[in-house]
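*Asks:* Would you be able to build a 3D model of this:
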Amino acid sequence: MARRLVAAGQEVCGVDLSAERREEWKEHTGLAALDSVAAAPWDQVDQVLVIVRLTHQAEAVLQELRTLPLRPGTLVLLSSTLEHEYAKDLSRYDDADFRLVELPVSGGEGGALAGTLTVMAAGPLTADDEKYLLSTLASHVVHFENFGDPTIAKLINNVTAGYNARAYADMLILGNELGLNAVKLAEVLETSSGGSWMGSAFKVLRDDLLDKDVALLRDQLGSLPVVSLGADQDLIGRLEQARALLT
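*Replies:* Here you go, the predicted model:
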């Protein structure tokens, strides 16, 4: 996402605790990254993107931002995948000097680099903010009324992606067991009705991140729905029930 902002003509100050990641950033952009949030030139910053792996890391960054001399009203976009209970309580930052917007994203590395992410937003996102996102990072912005709703939407989206990836993998394995060439079967799946975004990106999926997000929702709910096409499963009934929700 940061590389996309640079490509879109934005001035970007990167911060990462990892020396390896800072070096990778320099290789991609020619820019040096900082190893400390406090070292950023806050008097020149209009937007902050918080992109970390885990919820407690996101909270640590937000707490540090409270202590720094940000411009009043600075937009803080929280784009990490969070634990749902944590995300629901983000209104506790309403009294902060910055404007906090919950903003998980979807679209993978390719979507990030192309600026075609879908972003899910809750919080004080203005029309100008949305215009900024659509001119840099996103092709689609979905607004939600409550903090926590974007997180649960992102988790459900990623669990759906997990189901799709698992189904794709199982069908490749089944085809192999039935004597089909897996590469040729993959061509069929990627170009016809059995295709999906996850199938098209299957070779380069970040399996660890997908598994992490699946686990977040599974741990919250205790279990996830079992999707089956067994003879005892009412495929038509479930399809009709879901379509009725869309009317």
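
*Asks:* Any chance of the backbone angles for the residue most central in space within the chain?
*Replies:* What sits nearest the mean C-alpha location of the chain, by CA atoms, centre = their mean, is Val105, with 3.4 Å. With angles defined as degrees, to the nearest 10, Val105 sits at phi -130, psi 160.

*Asks:* Thought Thr136 was touching it, still the case?
*Replies:* No - between Val105 and Thr136 there is no contact under CB atoms under 8 Å: 11.9 Å. (Glycine included, C-beta is placed from N, CA and C.)

*Asks:* buried sites along the longest helix along the chain?
*Replies:* When the chain is parsed with DSSP state H, its longest helix is helix 149-177. For helix 149-177, a neighbour-count test (16 or more other CB atoms under 10 Å) marks 149-155, 158-159, 161-165, 167-168, 171-172, 175 as buried.

*Asks:* what helices or strands is it leaning on?
*Replies:* Contacts defined by 3 or more CB pairs under 8 Å, 6 or more residues apart in numbering; DSSP states H and E place helix 149-177 against helix 84-88, strand 105-106, strand 117-121, helix 182-191, helix 197-200, helix 207-221.

*Asks:* roughly how far is it from the heart of the chain?
*Replies:* 15 Å (CA atoms, centre = their mean, to the nearest Å).

*Asks:* cool, stretch 226-238 as well?
*Replies:* Remark: stretch 226-238 is offset 29 Å from the chain centroid, using CA atoms, centre = their mean.

*Asks:* Could you tell me the end-to-end distance of it?
*Replies:* Using CA to CA, to the nearest Å, the end-to-end distance of stretch 226-238 comes out at 13 Å.

*Asks:* what's the answer for stretch 224-242, then?
*Replies:* 17 Å.

*Asks:* Repeat that for stretch 223-230.
*Replies:* Stretch 223-230 has its terminal residues 20 Å apart, counting by CA to CA.

*Asks:* Gln139 - nearest residue in space that isn't next to it in sequence?
*Replies:* Just so we're on the same page, residue 139 is Ser rather than Gln. Nearest non-adjacent residue to Ser139, counting by CB to CB, 6 or more residues apart in numbering: Thr116, 4.2 Å away.
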